[in-house]
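S.K.: Sharing a sequence plus its predicted fold:
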Amino acid sequence: MKISKAQKFLNTLFKMAGLDQPKTDSTSRILLEGELMGHRTHGLHLVMPYIEHLQKGSMEKEGEPEVLSETEASELWNGKYLPGPWLVEKAIAKATKLSDKNGTGTVVIQRCSHIGCLAAYMEAASKSGHMVIIACSDPDNKTVAPFGGTTGVYSPNPLALGIPTEGDPIIIDVSMSTTSNGLIHQKNKSGEPLPHPWLLTSKGKETTDASTFFEPEPSTILPLGGMDSGYKGFALGIMIEALTSALGGHGRANEPGRWGASTFVQVINPSVFAGENYFKKEMENLKEKCLQSKAIDPLYPVRIPGQRGLEMKKVQLKEGLQLRKDTLEGLRNLAELFDIAI
């Protein structure tokens, strides 16, 4: 699938689902960027649930976020369950303006709809020389158990950073859990095992069997670090809950009963600290030192976070998208539903 055709098709889909042009543009752009970077569970595969939630009304179509509080360097928004990619791009733009004046700018969004792949925001956001941090949790999702427990309490809780260098940015996107809900659903559907024992059954046993996630007493996702050092991932998961739902004023204590996200967006302007030039020089030096580290296996040299995704993006921009079969099938079904060509 060629990129220009994919963009046009996505724009048509979201317009027909009821989104205006700005919301359509943001949502299409972020989902397509996630796909280009190889995040198959958080790229175009999200088009189907997004359309479903727009049709059901659990993702809102019209309106603007409400500013609940503000200072010179921060704002708190009620996102009203509007499309997450649109809200996050607006938040990055606002936080960037705040950082240009104050050094840092922070926007926290409560009642945000799903925001897609966090890495998808980073290349564009860091091009201006700013460092960007995004974290999110889903207050309605309880699939990760605390270290030492077997009952799910919180969500995978990803954290992402876009770090400018003299070349390509460093793009970090990691969940505070061993895997994502999306990958578990994918493996269960295909009948394949997970690559590693990332789940913990209700009996306290590690497993690669994704189907256990859907049992009456479901398995849970292990914290980042697994059975060995998952106490670290558990601690980081709590950190994300504090940055998102707790700062946002709406979370698990409210029992929202609705798919969404509590979202933390912060932009840091290096120019008001040691300077943008030194920041980039320092990070470029670190990047190069890491790349020059002697590899365990010469066939698999060290990679910088985000490097593989940016390389995949360049290839797909040139050669076209290579979609998962079930993603393509889902898009074809939507095309038939809305009576448009794919």
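M.R.: Arrived safely, thanks for sending. Note that the structure is a prediction, hence the values are computed from the model and not measured.

S.K.: can you pull the pLDDT of A341?
M.R.: Looking at A341, its pLDDT reads 87.

S.K.: In three-state terms, label the nearest residue to it once chain neighbours are set aside for me.
M.R.: Closest residue to A341 apart from its sequence neighbours, by C-beta to C-beta, 6 or more residues apart in numbering: A335 at 6.7 Å. Glycine gets a C-beta too; all of them are placed from N, C-alpha and C. Three-state call for A335 (DSSP: H, G, I helix; E, B strand; the rest coil): helix.

S.K.: Look up the pLDDT of A335 for me, please.
M.R.: pLDDT, read off for A335, is 95.

S.K.: Surely it touches E329?
M.R.: No: taking contacts as C-beta atoms under 8 Å, A335 lies outside contact range of E329: 10.7 Å.

S.K.: element containing E52?
M.R.: Here E52, judged by DSSP states H and E, is contained in helix 47-56.

S.K.: Would you mind checking the average pLDDT for that helix?
M.R.: Averaging pLDDT along helix 47-56 gives 97.

S.K.: tell me how far that helix is from the chain's mean position?
M.R.: Relative to the centre of its chain, helix 47-56 is centred 18 Å away, using C-alpha atoms, centre = their mean, to the nearest Å.

S.K.: Give the buried residues for that helix.
M.R.: For helix 47-56, the neighbour count (16 or more other C-beta atoms under 10 Å) marks V47, M48, Y50, I51, H53, L54 as buried.

S.K.: Of A335 and E329, which one has the most company?
M.R.: A335 (15 against 11; other C-beta atoms under 10 Å).

S.K.: And the helices in the stretch 51-200 of the chain, which stretches?
M.R.: Using DSSP state H, counting those that start in this stretch, the helices of the stretch 51-200 of the chain run over 84-102, 122-126, 181-190.

S.K.: Adding distance to Q322, mean neighbour count and mean pLDDT as columns, could you present those in CSV?
M.R.: Below are the helices of the stretch 51-200 of the chain laid out as CSV (distance: least, C-beta to C-beta, whole Å; neighbours: other C-beta atoms under 10 Å; pLDDT from 0 to 100):
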stretch, distance to Q322, mean neighbour count, mean pLDDT
helix 84-102, 22, 21, 98
helix 122-126, 20, 23, 96
helix 181-190, 16, 17, 94
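
S.K.: Of these, which is nearest V153?
M.R.: helix 181-190 (14.4 Å; C-beta to C-beta).

S.K.: Show me what that closest one packs onto, helices and strands only.
M.R.: On a contact count with 3 or more C-beta pairs under 8 Å, 6 or more residues apart in numbering; DSSP states H and E, helix 181-190 meets no helix or strand.

S.K.: angle of that helix against helix 47-56?
M.R.: 100 degrees (axes from the mean of the first three to the mean of the last three C-alpha atoms, to 10 degrees).

S.K.: Name the surrounding residues that touch helix 181-190.
M.R.: 40-42, 45, 141, 143, 155-156, 193-194, 199, 210-211, 213-214, 221, 324, 326 (C-beta atoms under 8 Å, 6 or more residues apart in numbering).

S.K.: Of the residues you listed, keep whichever come out buried.
M.R.: 40-42, 45, 141, 143, 155-156, 194, 199, 210, 213, 221, 324.

S.K.: then stretch 224-243 to PDB, C-alphas only?
M.R.: Extracted as PDB, the C-alpha positions of stretch 224-243 are listed here (Å, rounded to 0.1, in the frame of the first residue of the first chain):
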ATOM      1  CA  LEU A 224       9.000  -5.000  33.400                       C
ATOM      2  CA  GLY A 225      11.800  -7.200  34.600                       C
ATOM      3  CA  GLY A 226       9.600 -10.300  35.000                       C
ATOM      4  CA  MET A 227      10.000 -12.700  37.900                       C
ATOM      5  CA  ASP A 228      13.600 -11.800  38.300                       C
ATOM      6  CA  SER A 229      13.600  -8.000  38.800                       C
ATOM      7  CA  GLY A 230       9.900  -7.000  38.300                       C
ATOM      8  CA  TYR A 231      10.000  -5.000  41.500                       C
ATOM      9  CA  LYS A 232      11.700  -2.300  39.400                       C
ATOM     10  CA  GLY A 233       9.000  -2.400  36.700                       C
ATOM     11  CA  PHE A 234       6.400  -2.300  39.400                       C
ATOM     12  CA  ALA A 235       7.900   0.800  40.900                       C
ATOM     13  CA  LEU A 236       8.100   2.500  37.500                       C
ATOM     14  CA  GLY A 237       4.500   1.500  36.900                       C
ATOM     15  CA  ILE A 238       3.500   3.400  40.000                       C
ATOM     16  CA  MET A 239       5.500   6.400  38.800                       C
ATOM     17  CA  ILE A 240       3.500   6.500  35.600                       C
ATOM     18  CA  GLU A 241       0.300   6.300  37.600                       C
ATOM     19  CA  ALA A 242       1.400   9.300  39.600                       C
ATOM     20  CA  LEU A 243       2.400  11.400  36.600                       C
END
